[in-house]
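Undergrad: Task: produce atomic coordinates for the following.
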Amino acid sequence: MPNLADLFELQVQQGQAQEWLSQYYSEEDHPSSVYKRLLELAIFYQTHFNYDYALMILNHLYQIKPNYRLCLLVGEIYFSLQDFERAYAWLNRIHNSKRSRKAKRILGQVYLAMGHEKAGISLYRQLIKDFPTYAAAYLDLADYYIDAHMFAEAKPYLESLWTYFKRSESLQRTSRMTLVALELEQELIQAEKVTKMITDPNLPIKSIEEAYLFARFYFAIHDYQMALDYAQLAYSFNPDYLPNRHLLLQINYQLGNGQSGLKAEIDWLLDQMAYDDPEIMQLVEIGKDIKYLPKKLILHLLEYLPYLEEAEEAYQSLGLVMDYYLEEDPKYALHFLKTNMISPIFNLDNYYYYAKTFQALGMDTQAVEQYELALASYENQPKLVYDYAKFMYNRGQGQAALDLIKKNQRSFYYTEQVKAYRNFLQKQIENIKQGEEDESE
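TA: As a prediction, this is how the structure comes out:
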């Protein structure tokens with residue numbers, strides 16, 4: 001084969017390929033064996049993605065002896081090249097042949113690729129009717145519907161594969177995994193039906209992909225212990241598989257397993273994650289709840305801020321970053337406020353954080369201005385009144401702080417924390433008045 005290929009490629013380089021093909025065929029005593037060798041050479045080029053050479057030979061052979069196989073091979077090549085018009089032209093010549101199973105399948109793919117949905121689906125359905133054991137046709141239609149997010153339409157074909165192709169382990173695994181994945185897309189999961197597939201004794205789990213997917217399924221239906229079992233199985237296949245480690249963190253968090261373990265898992269994940277990994281938000285939520293927000297997590301969050309898509313999420317994330325900077329060094333907080341690009345994108349007010357920053361820097365006049373601006377704009381910050389009142393009290397303005405709270409007692413700023421602080425202020429003011437009366441006597 002390589003010798004014939006070398007000879008052919010030399011003729012191509014010299015611009016004499018067609019002449020050589022004609023001469024090579026006519027000079028041989030056994031045309032059928034020559035035809036076979038050239039066909040094998042064309043298939044060799046096709047499998048090595050040298051489509052130009054393959055087409056050159058196949059077209060020549062077609063002129064000598066047109067047949068089903070040549071049309072199919074040429075149609076396949078043009079389909080691979082996404083030249084759907086030519087693929088259709090070649091395949092359409094043979095799709096009514098009794099041997100047309102593969103041709104019809106590729107022709108169906110051509111129709112769908114060209115946007116002729118009705119013709120493509122109709123051809124596939126006819127193909128399944130004529131060849132009910134042709135698994136590739138079921139898979140193709142299921143894949144098409146899944147790509148189009150038409151999950152309900154995909155399920156019958158996958159269920160047919162699961163039900164009627166029991167002898168094929170690969171089809172059983174493919175159909176089971178795809179059906180479970182589709183079920184996870186539904187609002188109402190058919191838990192019992194999926195559980196039967198997952199626990200089929202004839203199809204034990206053999207891969208991390210299966211174990212991880214099934215762990216996700218049980219997590220979705222809130223069966224956290226079963227989710228943990230499958231996630232640990234996935235862990236046994238590959239301890240460093242990031243999606244599964246994220247899932248293990250969430251499962252252990254839901255089960256209320258030890259905080260030390262959760263913290264260690266967060267630390268490990270932070271060492272492995274890319275800075276644009278959206279899973280950072282899950283770590284932030286768990287970290288906030290268990291009161292573990294290490295420096296590395298905040299730095300990850302800071303890098304992820306440009307990727308945020310929701311204003312509420314952006315505002316909360318900014319708050320965590322600002323709290324970190326205010327504790328580290330208020331000067332960094334001020335620099336961040338002036339340079340961050342998130343607030344303009346989401347049209348977020350930062351008066352509250354400017355106030356907190358100026359307060360930390362001892363710039364009281366500027367802090368008061370920003371607190372007032374935050375109140376005037378009804379900034380979405382529940383701690384605004386509490387922090388402003390506390391700031392006033394620390395500056396010796398207890399009555400002003402109490403007046404501020406009373407003024408906002410019908411707003412969402414009037415939290416339980418503010419109510420408790422109001423009681424504290426009232427007692428403090430009463431004690432001061434009582435002290436003053438005692439002195440006057």
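
Undergrad: ok now whichever strand or helix holds Tyr78, how far from the chain's centre?
TA: Using DSSP states H and E, Tyr78 maps to helix 68-80. What separates the centre of helix 68-80 from the centre of its chain is 36 Å, taken as Cα atoms, centre = their mean, to the nearest Å.

Undergrad: next one: stretch 235-255
TA: That offset, for stretch 235-255, works out to 17 Å (Cα atoms, centre = their mean).

Undergrad: next one: stretch 192-202
TA: Put simply, stretch 192-202 sits 26 Å off its chain's centre (Cα atoms, centre = their mean).

Undergrad: Over to stretch 192-205?
TA: Averaging C-alpha positions (Cα atoms, centre = their mean) puts stretch 192-205 26 Å from its chain's average.

Undergrad: Poorly predicted segments of this structure, please.
TA: Low-confidence segments of the chain, defined by pLDDT under 70: 1-2, 25-30, 99, 341, 435-441.

Undergrad: what about the longest helix in it?
TA: Taking DSSP state H as the criterion, the chain has its longest helix at helix 416-440.

Undergrad: tell me the contacts of Tyr354?
TA: Applying Cβ atoms under 8 Å, 6 or more residues apart in numbering, we find Tyr354 in contact with 337, 366, 370. Glycine gets a C-beta too; all of them are placed from N, C-alpha and C.

Undergrad: Glu183: which of the residues you listed is nearest?
TA: Nearest to Glu183 among the contacts of Tyr354: Leu337, at 45.9 Å, using Cβ to Cβ.

Undergrad: close enough to count as contact, Lys263 and Ile290?
TA: Yes - applying Cβ atoms under 8 Å, one finds Lys263 in contact with Ile290, separated by 7.2 Å.

Undergrad: Give me the more crowded residue out of the two.
TA: More crowded of Lys263 and Ile290, by other Cβ atoms under 10 Å: Lys263, with 16 against 12.

Undergrad: what's the helix or strand for the spatially closest residue to Ser100 that is not a sequence neighbour?
TA: Residue nearest to Ser100 in three dimensions, not counting chain neighbours: Ile94, with 6.0 Å by Cβ to Cβ, 6 or more residues apart in numbering. Secondary structure assigned from DSSP H and E places Ile94 in neither a helix nor a strand.

Undergrad: Thought Arg422 was touching Lys390, still the case?
TA: No - between Lys390 and Arg422 there is no contact under Cβ under 8 Å: 11.5 Å.

Undergrad: For the longest helix of the chain, which outside residues touch it?
TA: Under Cβ under 8 Å, 6+ apart, the answer for helix 416-440 is 383, 385-386, 389-390, 393, 398-399, 401-402, 405-406, 408-409.

Undergrad: and stretch 272-289, which residues are buried?
TA: 273, 277, 279-284, 286-287 (16 or more other Cβ atoms under 10 Å).

Undergrad: got these as CSV, with secondary structure and distance to Leu326 columns?
TA: Formatted as CSV, these follow (DSSP: H, G, I helix; E, B strand; the rest coil; distance: Cβ to Cβ, whole Å):
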residue, secondary structure, distance to Leu326
Met273, coil, 25
Asp277, coil, 26
Glu279, coil, 26
Ile280, helix, 21
Met281, helix, 21
Gln282, helix, 25
Leu283, helix, 21
Val284, helix, 17
Ile286, helix, 23
Gly287, helix, 18
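
Undergrad: of those, closest to Met177?
TA: Nearest to Met177 out of these is Glu279 (Cβ to Cβ; 22.0 Å).

Undergrad: Pop out the phi and psi values for the closest one.
TA: Backbone torsions for Glu279, taken as degrees, to the nearest 10, come to phi -60, psi -10.

Undergrad: residue contacts, the residue lying closest to it once chain neighbours are set aside?
TA: Among residues not flanking Glu279 along the chain, His246 sits closest, at 5.1 Å (Cβ to Cβ, 6+ apart). Neighbouring residues of His246 by Cβ under 8 Å, 6+ apart: 269, 279, 282.

Undergrad: following the helix holding Tyr78, which helix or strand comes up?
TA: Per DSSP H and E, the first helix or strand lying C-terminal to helix 68-80 is helix 84-91.

Undergrad: chain center to that next one, what's the gap?
TA: That offset, for helix 84-91, works out to 35 Å (Cα atoms, centre = their mean).

Undergrad: Contacts for the helix or strand that that helix is followed by next, please.
TA: Note on helix 84-91: by DSSP H and E, the next helix or strand toward the C-terminus is helix 101-113. Applying Cβ under 8 Å, 6+ apart, the external contacts of helix 101-113 come out as 68, 71-72, 75-76, 79, 82, 84, 87-88, 91-92, 94-95, 97, 117, 119-121, 123-124, 126-127, 130-131, 134, 136-137, 140, 144.

Undergrad: so what secondary structure elements neighbour the helix or strand Glu303 falls within?
TA: Following DSSP H and E, one finds Glu303 within helix 295-304. In terms of contacts (3 or more Cβ pairs under 8 Å, 6 or more residues apart in numbering; DSSP states H and E), helix 295-304 is packed against helix 259-272, helix 280-289, helix 311-328.

Undergrad: centroid residue for this structure?
TA: Closest to where the C-alpha atoms of the chain average out (Cα atoms, centre = their mean) is Pro278, at 8.9 Å.

Undergrad: Got a quick ChimeraX command for the buried subset of the contacts of helix 101-113?
TA: To isolate in ChimeraX the members of these that are buried, counting by 16+ other Cβ under 10 Å, one can use:
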select :71,72,75,76,79,84,87,88,91,94,95,120,121,123,124,127,131,134,137,140,144
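
Undergrad: contacting residues for the closest residue to Ser207 other than its chain neighbours?
TA: In this structure, Ser207 finds its nearest non-sequential neighbour in Phe237, 6.9 Å apart by Cβ to Cβ, 6+ apart. Listed by Cβ under 8 Å, 6+ apart, the contact partners of Phe237 are 207-208, 211.

Undergrad: List buried members of those by neighbour count.
TA: With burial judged by 16+ other Cβ under 10 Å, the buried subset of the contacts of Phe237 is 208, 211.

Undergrad: and of the contacts of Phe237, the nearest to Lys193?
TA: For the contacts of Phe237, the nearest to Lys193 is Ala211 (19.6 Å; Cβ to Cβ).

Undergrad: All set, thanks.
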